[in-house]
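Asks: okay, predicted coordinates and the sequence, questions at the end:
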Amino acid sequence: MKTIKRGHVTLKCWDLGGQPRFRSMWERYCRGVNAIVFIVDAADKEAVPVAKEELHLLLSKPAMEGIPLLVLGNKSDLPNHFDTNQLIEALDLKSVTHREVSCYGISAKEETNLDAVLKWLISKAKKGATE
């Protein structure tokens, strides 16, 4: 777990891993959270259909109902990556209802869009604290 503090907000982050052996644990870690962050390798176009299937399976769980979703397409610094619109299409994010959905292209390596992602997460943490 990694903890990030910004002002009065503390973000607790778990990297649950995308390997098949870890997928059964995803739901357990998503219970009671203010947001779900789903990171996809936007440069690995062959892996995106599996990511789509796993994401929709996770979101179909009753305990996940209504939790805001943030999808991040990592490796936007690499050539031939899915841009945000392509990722929305490939993951069928427009079909996700009953929750707020946002999608950003990021580069963890070059720290592209990480400030926008933190602002989004902080807004969800603050909203959750006032509910």
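Replies: Great, that's in hand. Residues are numbered from 1 along each chain as shown.

Asks: ok, residue 105 - contacts?
Replies: 42, 72-73, 76, 81-84, 87, 112-113 (C-beta atoms under 8 Å, 6 or more residues apart in numbering). Where you see a C-beta, it was placed from the backbone N, CA and C, and this is true even at glycine.

Asks: mind pulling up the pLDDT for it?
Replies: Here, the pLDDT recorded for residue 105 equals 94.

Asks: from residue 79, how far off is it?
Replies: 13 Å (C-beta to C-beta, to the nearest Å).

Asks: then residue 43?
Replies: 8 Å.

Asks: try residue 50
Replies: 22 Å.

Asks: give me the more crowded residue out of these two.
Replies: Taking other C-beta atoms under 10 Å, residue 50 and residue 79 do not tie; residue 50 has more neighbours (13 against 5).

Asks: neighbours around residue 88, how many?
Replies: Look at residue 88: counted by other C-beta under 10 Å, it has 17 neighbours.

Asks: residues contacting it?
Replies: Residue 88 neighbours (C-beta under 8 Å, 6+ apart): 71, 94, 103.

Asks: sec struct for the last one, please.
Replies: Following DSSP: H, G, I helix; E, B strand; the rest coil, we place residue 103 in the strand state.

Asks: for it, give the beta-bridge partners.
Replies: Beta-bridge partners of residue 103, counted by DSSP bridges, are residue 71.

Asks: what sits against it?
Replies: The neighbours of residue 103, taking C-beta under 8 Å, 6+ apart as the test, are 70-73, 84, 87-88, 91, 93.
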